[in-house]
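Student: could you look at this predicted model? Sequence included:
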Amino acid sequence: MKIIILLYKGFTALDVVGPYEVLSRLPNAEVKFAAKEKGIIESEYASMKMIATHSLEEIESADILMIPGSTSAFLQVMKDAATLQHIQRIHATTNWTISVCTGAIILGAAGLLKKKAATTHWAVLGMLSNFEACPVTERYIQQGKIITAAGVSAGIDMALHLAGLIEGEAYANMVQLVTEYYPKPPVNIPDVAAVPKEVKAAALAFFKKEMGEMNTMQP
């Protein structure tokens, strides 16, 4: 099973590594990291780097294509015509095309979410409407062969869901046990609707600083 994970400068590390930990455990999984140009790719923090062993041009097909998100770098990727064309081309060959966090915005920019329900990080959920997608506040949502996940850690949930679709619930449960993923966070924020106002305000201030005071940020 050929799994292609897109890398680009500024990607969020857990968007990549979380789903990778799950999907790499699928039978006969062959994971390749691809970028516009092969080589060392910095995440959003320069101290964390990954290696793109392949260029997107070298990728002819994939069983699974995964697009990770980022805090701000997705704004450049969504305007990169060459990268979007490669995503469209590879998507045409996939059994599954998936995204994590703001990776859904990139899928939207590639024209793959038209008239489809989709999710992304809560702070930019409204941006999906710019691409004729239907934003939903779900942890992940499947529309045909496309699955979009909400922010960062939601990619693990999405990957376990996909593992269950491919290999069955028992296999997905086994992978969940192997990775010891049954989170019990030390803070009690079940979802963005329940978060204290001051915490949400601080989070929005963080994103606005990172993203240059984007007008599309949701209050």
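Tutor: Now that the structure is in, tell me what you want to look at. Keep in mind that this is a model prediction, so the values were computed, not measured. Numbering: from 1, shown residues only.
Student: show me the contact partners of stretch 180-194.
Tutor: W122, T137, S153, I156, L160, Q176, V195, V199, K200 (C-beta atoms under 8 Å, 6 or more residues apart in numbering). For the C-beta atoms, the positions are set from N, CA and C on the backbone; glycine is no exception.
Student: most widely separated two among the residues you listed?
Tutor: Pairwise distances across those peak at 29.6 Å for Q176 and K200 (criterion: C-beta to C-beta).
Student: how much space between the residue nearest the centre of the chain and V199?
Tutor: The chain has V100 as the residue nearest its centroid, 1.6 Å off, counting by C-alpha atoms, centre = their mean. Using C-beta to C-beta, to the nearest Å, we find V100 at a distance of 22 Å from V199.
Student: would you map the helices across this protein?
Tutor: Secondary structure of the chain by DSSP state H: the helices cover 13-23, 74-77, 81-91, 103-109, 154-167, 169-178, 197-211.
Student: give me the helices and strands touching the first one, please.
Tutor: I take that to be helix 13-23. In terms of contacts (3 or more C-beta pairs under 8 Å, 6 or more residues apart in numbering; DSSP states H and E), helix 13-23 is packed against strand 2-6, strand 30-35, strand 64-67, strand 96-100, helix 154-167.
Student: so it versus helix 169-178, what angle?
Tutor: Note on geometry: by axes from the mean of the first three to the mean of the last three C-alpha atoms, to 10 degrees, helix 13-23 and helix 169-178 are set 130 degrees apart in direction.
Student: roughly how far is helix 13-23 from the heart of the chain?
Tutor: Averaged C-alpha coordinates place helix 13-23 at 9 Å from its chain's average position (C-alpha atoms, centre = their mean, to the nearest Å).
Student: then the fifth one?
Tutor: Remark: helix 154-167 is offset 13 Å from the chain centroid, using C-alpha atoms, centre = their mean.
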